[in-house]
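>>> predicted structure and sequence below. I'll ask about it afterward.
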Amino acid sequence: MKINEIFFSLQGEGLLVGTPCIFIRTSGCNLRCTYCDTRYAYEKGTEMTIQEIIETIKRFPSSDVCVTGGEPLMQKDTPRLIDCLLKKEYRVCLETNGSYSIQSLGGKKSLILSLDIKCPSSCSDKQMNLHNIHFLSKKDQLKFIIRNKKDYQYAKDILNKYAPICPVFFQPVWGTNPKKIALWILQDGLHVRLSMQLHKLIWGTKKGV
């Protein structure tokens, strides 16, 4: 597998926010979102076997692993990596960008699927596989990254149409005032959570955190 970086930090988003976590960032992404904060993972990386990855993460004092990218599902060995991590009794969160099917990954006991649905300001919204929402269970999570009212309305429409059963997060594009999104959520009484990217609030936008 081509791996961009492996590091130990706090989970900055979603259900496990604030939890010490091992991050395995794969290289390569099929999307080019306007606000992407991991462009350095588009190409750069080091070829590693699954065993080498397992040996590398052993030194970190955590049983939580986040497999992220780039887009992890671009690599054919990602499902096998996840299975190996689960067999080693890690709790795994897979962060995926919403364009690849997650159907075959559902039902794994200690796997959290974190599905990102791109809104119009990303310029990647046309590449979403919205049927993925049906494959999310109550233990998974759905995330929308929102820049403006158009994005917010787009996310609202998807929630109304697909009625996801898992927790839903609205996350402002970094640098966007979260207050306006908070007010829209309150005005509409949406049953969603506002996510603030804890890692950036603590360390800023540098990589490896």
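Right, received. Where do you want to start? Numbering: from 1, shown residues only.
>>> grab the nearest non-local neighbour of L159.
Excluding the flanking residues, the one nearest L159 by CB to CB, 6 or more residues apart in numbering is V168, at 6.5 Å. In this view, the C-beta of every residue, glycine as well, is placed from N, C-alpha and C.
>>> centre of the chain to stretch 66-76, how far?
10 Å (CA atoms, centre = their mean, to the nearest Å).
>>> hmm, I was thinking of stretch 74-82
16 Å.
>>> cool, and stretch 7-25?
Using CA atoms, centre = their mean, the offset of stretch 7-25 from its chain centre is 11 Å.
>>> which residue ranges form the helices in the chain?
50-57, 78-87, 149-162, 178-188, 198-203 (DSSP state H).
>>> for T19, find the nearest of those helices.
Closest approach to T19 among these (CB to CB): helix 198-203, 10.0 Å.
>>> what are the ranges of the strands in the chain?
Applying DSSP state E to the chain gives strands spanning 2-10, 20-26, 46-47, 64-68, 91-96, 111-117, 141-146, 168-172, 193-194.
>>> and of the ones you listed, who's closest to P79?
strand 91-96 (9.3 Å).
>>> show me what the closest one is packed up against.
If you count contacts as 3 or more CB pairs under 8 Å, 6 or more residues apart in numbering; DSSP states H and E, strand 91-96 packs onto strand 64-68, helix 78-87, strand 111-117.
>>> list the buried residues of the helix-or-strand element of the chain with minimal mean pLDDT.
For the chain, the helix or strand with the lowest mean confidence is helix 198-203, at a mean of 87 (criterion: mean pLDDT, DSSP states H and E). Neighbour-count burial for helix 198-203 flags H199, K200 (criterion: 16 or more other CB atoms under 10 Å).
>>> rewinding a little: go ahead and confirm the residue nearest to L159 touches Y162.
No: counting by CB atoms under 8 Å, V168 sits too far from Y162 to count as a contact (10.4 Å).
>>> neighbour count for those two, which is higher?
Legend: neighbour count by other CB atoms under 10 Å for V168 and Y162, higher for V168 (21 against 16).
>>> who does the more buried one form a beta bridge with?
L142 (DSSP bridges).
>>> tell me who's in contact with it.
Contact partners of V168, counting by CB atoms under 8 Å, 6 or more residues apart in numbering, are Q141, L142, K143, F144, L159, H191, V192, R193.
>>> ok, it to Y40 distance?
29 Å (CB to CB, to the nearest Å).
>>> what of K139?
Relative to Y40, and taking CB to CB, K139 is found at 31 Å.
>>> again with I82
I82 sits 23 Å away from Y40 when distances are taken as CB to CB.
>>> more neighbours, those two?
Each of I82 and Y40 had its neighbours counted (other CB under 10 Å), and the higher figure belongs to I82 (22 against 15).
>>> now the more buried one. Nearest residue, chain neighbours left out?
In space, I82 is closest to V92, 5.6 Å off (CB to CB, 6+ apart).
>>> still on that earlier bit, and the furthest pair within the contacts of V168?
For the contacts of V168, the farthest-apart pair by CB to CB is K143 and H191; their separation is 14.8 Å.
>>> list of residues touching stretch 126-133?
Under the contact criterion CB under 8 Å, 6+ apart, stretch 126-133 has outside partners 30-31, 98-103, 115, 117-118, 142, 158, 162, 164.
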